Every structure is written in C-alpha cells, then in structure tokens.
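Peer 1: sequence-free structure coming up:
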C-alpha cells in the first residue's frame with residue numbers, strides 16, 4: 001500500500017492512512033458506450049468474425065489459386081471461400097431477423113453497389129439493370 005504525501009515531503013492531511021483504490025472501480029470491463037443490447041453486440045461480433053474468415057479465405061485464393069487445396073482438407077479454395085461467404089450471408093440474415101439490420105438497407109446497398117462499381121472494374125462488365133456480371137472480351 002502507498003502512503004499519501006505531498007510534494008514538499010510533508011504528510012498529507014490523512015496522515016498515516018494508506019491510500020486504497022477500490023478494485024471494483026478498476027474492474028469495469030468492456031463499457032458499452034454505444035448502449036447496445038446483448039443480442040446486438042453478439043450478432044455484430046459474429047459478423048465481424050465471419051468477415052475476417054472471408055478475408056482469410058480470399059488471401060488463400062490470391063496466394064494459391066481457386067483450385068488449390070490444403071493437403072489435410074477435402075475442399076478446394078473456391079469451395080472454402082463459398083462456404084465462408086455463405087456464413088456471412090447467414091449472419092446478415094440473422095441480423096435482419098433480430099432487427100439489428102434493416103432488409104431495405106441491405107437491399108439498397110446491394111443495388112447501389114451494382115450501379116457504382118462498374119468504373120472501378122477492369123476485367124468485368126456489369127449490367128446493373130439485370131444485376132449480372134461477366135468477363136470483358138479482349139479486344
């Protein structure tokens with residue numbers, strides 16, 4: 001325990017008393033600043049985790065290719081990526097059912113991506129009216 005003292009070396013007014021900090025004040029774990037309900041926090045944590053797994057699967061595809069596979073696994077990288085994307089989709093649907101996301105917002109985001117991504121793609125032609133994508137033919 002620490003003894004309270006002033007800068008000038010004299011004892012503080014609470015002379016002889018130890019300064020004790022309450023452990024309960026220091027133990028505040030994960031304060032919920034956003035005031036999320038437990039189910040909202042949980043589904044968002046699941047969504048973040050699944051998105052991370054999609055990023056990891058994409059990294060494997062970029063490094064090793066779509067048809068490559070881990071020697072101890074039966075699925076190739078294309079299948080593993082598809083599974084992870086499907087799991088993200090499932091978590092998004094759960095979030096809609098729980099009221100964390102609104103379906104109209106998800107649909108609006110999907111539609112706007114179809115119409116805005118075209119200028120940034122070099123090898124893909126997008127038809128945003130039909131929501132179809134195909135390879136650009138080489139000239």
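Peer 2: That came through, no problem. No experiment lies behind these values; they were computed from the predicted model shown.
Peer 1: and residue 49, how many neighbours?
Peer 2: 12 (other CB atoms under 10 Å). Where C-beta positions appear, they are placed from N, C-alpha and C, glycine not excepted.
Peer 1: For it, give its distance to residue 56.
Peer 2: The span separating residue 49 from residue 56 equals 11 Å under the rule CB to CB, to the nearest Å.
Peer 1: try residue 123
Peer 2: Taking CB to CB as the measure, residue 123 falls 24 Å from residue 56.
Peer 1: more neighbours, the two?
Peer 2: residue 56 (12 against 7).
Peer 1: Where in the chain is the helix or strand with the lowest mean pLDDT?
Peer 2: Least confident element among the helices and strands of the chain, by mean pLDDT, DSSP states H and E: helix 23-26 (a mean of 50).
Peer 1: And the next helix or strand past it?
Peer 2: helix 38-64 (DSSP states H and E).
Peer 1: Now do that next one, average pLDDT.
Peer 2: Per-residue pLDDT over helix 38-64 has a mean of 96.
Peer 1: name the helices or strands packed onto that helix?
Peer 2: helix 77-98 (3 or more CB pairs under 8 Å, 6 or more residues apart in numbering; DSSP states H and E).
Peer 1: The helix it packs on: which residues count as buried?
Peer 2: Under the neighbour-count criterion of 16 or more other CB atoms under 10 Å, helix 77-98 has 77, 80, 81, 84, 87, 88, 91, 92, 94, 95, 96 buried.
Peer 1: what does stretch 108-123 give?
Peer 2: Under the neighbour-count criterion of 16+ other CB under 10 Å, stretch 108-123 has residue 114 buried.
Peer 1: List the neighbours of it that are in contact with it.
Peer 2: 125, 126, 128, 131, 135, 136 (CB atoms under 8 Å, 6 or more residues apart in numbering).
Peer 1: got any ranges where the chain has weak pLDDT?
Peer 2: For the chain, the stretches with pLDDT under 70 are 1-31, 138-139.
Peer 1: Which segments of it make up each domain?
Peer 2: Following automatic domain parsing, the chain resolves into domains at 37-101, 104-139.
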